[in-house]
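Participant: Coordinates for the following, if possible.
(chains A and B)
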Protein chains: 2
Amino acid sequence: MNDMIRKEYAMSKEKTAPSRRQFLTSAAALGAGAVVATAAKAADPDPLITEVQDWATGLGDGVDATPYGLPIKFEDDVIRRNVEWLTADTISSINFTPIHALDGTITPAGCAFERHHSGAIELAKDDYRLMINGLVDKPLVFTYDDLERFPRENHVYFCECAANTGMEWAGAQLNGAQFTHGMIHNMEYSGVPLRTLLAEAGLDAAGDFKDKWVYVEGADASSNGRSIPMEKAMDDVLVAFKANGEALRKEHGYPARLVVPGWEGNMWVKWLRRIEVMDAPVQSREETSKYTDTLADGTSRKWTWVMDAKSVVTSPSPQAPIKHGHGPVVITGMAWSGHGKIARVDVSKDGGMTWETARLANPGDDKALVRFYLDTAWEGEEWLLQSRAIDETGYVQPTKAQLRAVRGLNSIYHNNCIQTWHVKANGEAENVEVS
Amino acid sequence: MNDMIRKEYAMSKEKTAPSRRQFLTSAAALGAGAVVATAAKAADPDPLITEVQDWATGLGDGVDATPYGLPIKFEDDVIRRNVEWLTADTISSINFTPIHALDGTITPAGCAFERHHSGAIELAKDDYRLMINGLVDKPLVFTYDDLERFPRENHVYFCECAANTGMEWAGAQLNGAQFTHGMIHNMEYSGVPLRTLLAEAGLDAAGDFKDKWVYVEGADASSNGRSIPMEKAMDDVLVAFKANGEALRKEHGYPARLVVPGWEGNMWVKWLRRIEVMDAPVQSREETSKYTDTLADGTSRKWTWVMDAKSVVTSPSPQAPIKHGHGPVVITGMAWSGHGKIARVDVSKDGGMTWETARLANPGDDKALVRFYLDTAWEGEEWLLQSRAIDETGYVQPTKAQLRAVRGLNSIYHNNCIQTWHVKANGEAENVEVS
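Facilitator: Numbering: from 1, shown residues only, chains lettered A, B, ... in the order given. Sure thing, here's the model as predicted:
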């Protein structure tokens, strides 16, 4: 410790007014150098520096306080939220990840979005069974313990609901990145490749999979079921039992769910109970009436499984306004593509007229979220803030106008258009649309 | 759905005994193919397959059930635990990550170990100040909002307490990987490089840092403080405010902590309040009386900051016995090195006589946990199970005998020796030592 600080410590113990006054003078000099030329929020002299605080003298919580911890109370608004008017009941509903308040790429399980078709069920490991049947040599039933005996893999993948941003087709609707883009999470999954389990059932890994499908089905009352082409099933699909290192949460399919990297979230069947090998797709409700893209002429495009490249600025955004005044500001957001890695993200402040290349925090994993930053400054001017993702295939995230030109206005699903936030002179942001 | 399954659905709705009996016969054929030649745990025919279960008909929880979620009740033993006899009180104590029950590499914040010197304090963002003083051109005081205005980085790093495995110096003590090796976590940190903040205070990034140090200090009553050589401070140290995407937990230093990649956990100062640039180390309590390595001759080795390469088998282990009978089994564990990436992990079943190369789940990040697997079989023989990490510098994790030969028996800290689990004929495992 240098002399000044040593003196302060001594003084604060003595609690003598003259000594403290003396220190205040020094601290004022410190405060004068306030960082990044912002309007100082701290009073000057600042009692939070010059006075000894309760937390610096009293004892805090011991290690038995929270055997399994939760966020601190000051963060209790960083939670999953639903939109009441969006669905009639919460059982078959959706809530949204608070992406406006997160950074990095990993989504903590506690605030990762949920989508249920008949509610989150409670299924114990001992009661868990997974059947593989249909066109296989040996129909099999696996217990949970069985699954843990096969070679495992670990991968970070994003899971995005096909309906993410679905309310925005008709116009700017929901005022917050959590609600426009929060049906996504990004977790590290541990599980057994589906191809391993199919091989155990006698499926020939070197076989001809043309026109072969698997039908995957959940154990909940909705029997959520989807057809997956065998090429994908034998590629990177996992039967996963852990996310971010720990057992899946109840609401994410405990004890085992399907992970279908890069493909729409509805196919990531939770509480997975059955996999049937077939020579045709089932044409289930969830792949005909739902999760298809109704075009302008009223016909529906189906088998649109892959989530195209997409991005969104998470801060500033309606729930994360600029509060710190003019000067340096970090624009941040996330980008992802079901086709592979993100190659580049651009940011526009003028509604897409001009673009700056954002900084990617890391090269990013295949079919996983990547975090981008634009380290810039704001002097109170109005912004029409956008981000645009380009993936390794060269695909460029489209504008809403481009998407509508191809798809019309009848869609709900697969809206990966460029999002615009109007940042106003007071630092607040609003969901808007630019032509 | 194939015919058999369709029939079963119809039958289960009719609930007519003859129909069900008919299905049971088919299901028995399915069950006969039971996977991986294990002693089948499921009854055959198995009502969990042949009967319609409550969770397949009733409604589950809606999305409002848990705005911020916790693990399912069946996993309520996967928690941080302390060891009562280890310390007199929980305020200045330690708890341990349940590594025996985790997989992958990310540690969920909720079960990531804690070490407090005077308890976990509650410090709101608005009350947070970070001072940089000492040998700088412009002493500065940052508010929390200020920190968010600087360019950020994201990295996954392990944080290991120097005392991890410390109880094992004298012999095999604690019967569980959670207790022998659980003072470690691995999270994705988001924060501002310390060099950026030092530059803001006028430190010349191109300067000569020989004999320059920073002293970093926490805001809690312990004033936990450590000296860090300037080369490290200007290299990869972060002032972090998020872990795994969300705000730091209270017990991990909310709202901001230091991240000192690869170096002992005590230097990762929580509730960081002050950074002083000095021309000598402080020789604080935590770097003289504590966190030094007392050798056989009674002298203490200091400045042993880097955590050497280390690994441990997490399953099977005393808290994670083999329960599923003979046949295929996955041996898994984790490895890490403060010097960089892990190059290889070997596993021995015979106490180090012979070794097999384990499979790394991923190439792994610099100074981060890597997950390893050995996909093998067990027929009830006794194992002396070990793992041995080799990092990219060529350093090989030592045996306990090798470590004792150099360091004697007086140490508490920096025990990175090879751990042995004795796996018995009944599948249970015990902490033992091999000579």
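
Participant: Okay, helices next: where are they in the stretch 251-400 of chain A?
Facilitator: Counting by DSSP state H, counting those that start in this stretch, one finds helices in the stretch 251-400 of chain A at the ranges A:400-407.

Participant: got the residues of it near chain B?
Facilitator: Counting by Cβ under 8 Å from any Cβ of the partner chain, the positions of the stretch 251-400 of chain A adjacent to chain B are A:251, A:254, A:271, A:274, A:276, A:278, A:282, A:323-324, A:327-330, A:332, A:359, A:361-362, A:371, A:373, A:375. Where C-beta positions appear, they are placed from N, C-alpha and C, glycine not excepted.

Participant: Kindly recompute the last result at 7 Å.
Facilitator: Listed as neighbours of chain B in the stretch 251-400 of chain A under the rule Cβ under 7 Å from any Cβ of the partner chain: A:251, A:254, A:276, A:282, A:323-324, A:328-330, A:361-362, A:371, A:373, A:375.

Participant: so where is chain A shaky, pLDDT-wise?
Facilitator: A:1-44, A:87-88 (pLDDT under 70).

Participant: what pairs with the residue most central in space within it across the strands?
Facilitator: The residue lying closest to the centre of chain A (Cα atoms, centre = their mean) is A:His185, at 2.9 Å. Beta-bridge pairing of A:His185, defined through DSSP bridges, involves A:Cys159.

Participant: go on, A:Pro193?
Facilitator: A:Leu238.

Participant: That one against A:Arg152, yeah?
Facilitator: No - using Cβ atoms under 7 Å, A:Pro193 makes no contact with A:Arg152, being 8.6 Å away.

Participant: Give me the more crowded residue out of these two.
Facilitator: Comparing A:Pro193 with A:Arg152 by neighbour count (other Cβ atoms under 10 Å in any protein chain shown), the higher total belongs to A:Arg152, at 27 against 20.

Participant: quick one, what contacts that one?
Facilitator: Neighbour list for A:Arg152: A:Ser190, A:Gly191, A:Val192, B:Val330, B:Tyr373 [criterion: Cβ atoms under 7 Å, 6 or more residues apart in numbering or on different chains].

Participant: again, only using 10 Å
Facilitator: Each residue near A:Arg152 by Cβ atoms under 10 Å, 6 or more residues apart in numbering or on different chains is listed here: A:189-193, A:196, A:238-242, B:103-104, B:330, B:332, B:359, B:361, B:371, B:373, B:375.

Participant: Then A:Gly166?
Facilitator: Contacts of A:Gly166 by Cβ under 10 Å, 6+ apart are A:Leu86, A:Ile94, A:Gln173, A:Thr180, A:Met183, A:Ser411, A:Ile412, A:Tyr413, A:His414, A:Asn415.

Participant: Which PyMOL command selects the buried ones in the residues you listed?
Facilitator: Buried residues within these, by 16 or more other Cβ atoms under 10 Å in any protein chain shown, are selected in PyMOL with:
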select buried, chain A and resi 86+94+173+180+183+411+412+413+414+415
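
Participant: So which of the contacts of A:Gly166 belong to helices?
Facilitator: A:Thr180 (DSSP state H).

Participant: Which ones among the contacts of A:Gly166 also lie next to chain B?
Facilitator: Restricting the contacts of A:Gly166 to those near chain B by Cβ under 10 Å from any Cβ of the partner chain leaves A:Ile94.

Participant: Please name the nearest non-neighbouring residue to A:Asp220.
Facilitator: Among residues not flanking A:Asp220 along the chain, A:Ile121 sits closest, at 4.7 Å (Cβ to Cβ, 6 or more residues apart in numbering or on different chains).

Participant: Check A:Leu203 too.
Facilitator: A:Val136 (5.6 Å).

Participant: That neighbour is in what secondary structure piece?
Facilitator: If you go by DSSP states H and E, A:Val136 is not part of any helix or strand.

Participant: Just list the residues touching it, thanks.
Facilitator: So A:Val136 contacts A:Leu198, A:Ala199, A:Glu200, A:Ala201, A:Gly202, A:Leu203, A:Val214, A:Ile275, A:Glu276, A:Val277, B:Gly33 (Cβ under 10 Å, 6+ apart).

Participant: again, but for A:Leu123
Facilitator: A:129, A:144, A:218-220, A:250, A:253-256, A:270-271, A:273, B:53-56, B:60, B:72, B:74.

Participant: where exactly do the strands run in the stretch 301-435 of chain A?
Facilitator: Here the stretch 301-435 of chain A has its strands, by DSSP state E, counting those that start in this stretch, at A:310-315, A:327-336, A:342-348, A:356-357, A:359-360, A:370-378, A:383-391, A:420-423, A:429-432.

Participant: Can you say which of those is packed in most?
Facilitator: Across those, averaging neighbours per residue (mean count of other Cβ atoms under 10 Å in any protein chain shown) puts strand A:310-315 on top, at a mean of 27.

Participant: gap between it and the chain center?
Facilitator: Distance of strand A:310-315 from the chain centroid (Cα atoms, centre = their mean, to the nearest Å) equals 11 Å.

Participant: and it, what does it pack onto?
Facilitator: The contact analysis (3 or more Cβ pairs under 10 Å, 6 or more residues apart in numbering or on different chains; DSSP states H and E) places strand A:310-315 against helix A:177-181, strand A:327-336, strand A:342-348, strand A:370-378, strand A:383-391, strand A:420-423.

Participant: Quick check: can you list the domain ranges of chain A?
Facilitator: Split into domains by automatic domain parsing, chain A comes to A:3-56, A:76-301, A:310-432.

Participant: Taking the stretch 101-250 of chain A, what residue is nearest to chain B?
Facilitator: A:Gly119 (2.8 Å; Cβ to the nearest Cβ).

Participant: how many neighbours does that residue have?
Facilitator: 24.

Participant: from what I can see it touches B:Ala56, true?
Facilitator: No - applying Cβ atoms under 10 Å, one finds A:Gly119 not in contact with B:Ala56, separated by 11.9 Å.

Participant: intersection of neighbour lists for the two?
Facilitator: A:Asp220, A:Ala221, A:Ser222.

Participant: Contacts only, for A:Trp355.
Facilitator: Contacts of A:Trp355 were listed using Cβ under 10 Å, 6+ apart, and they are A:Val345, A:Asp346, A:Val347, A:Ser348, A:Lys349, A:Gln386, A:Ser387, A:Arg388.

Participant: hmm, 7 Å instead?
Facilitator: A:Asp346, A:Val347, A:Ser348, A:Arg388.

Participant: still on that earlier bit, can you pick the most crowded of the contacts of A:Val136?
Facilitator: Counting by other Cβ under 10 Å, top hit in these: A:Val214 with 29 neighbours.

Participant: can you confirm that one is in a strand?
Facilitator: Yes - under DSSP: H, G, I helix; E, B strand; the rest coil, A:Val214 falls within a strand.

Participant: just checking, it touches A:Arg274?
Facilitator: No - look at A:Val214 against A:Arg274 with Cβ under 7 Å: they stay out of range, at 9.8 Å.
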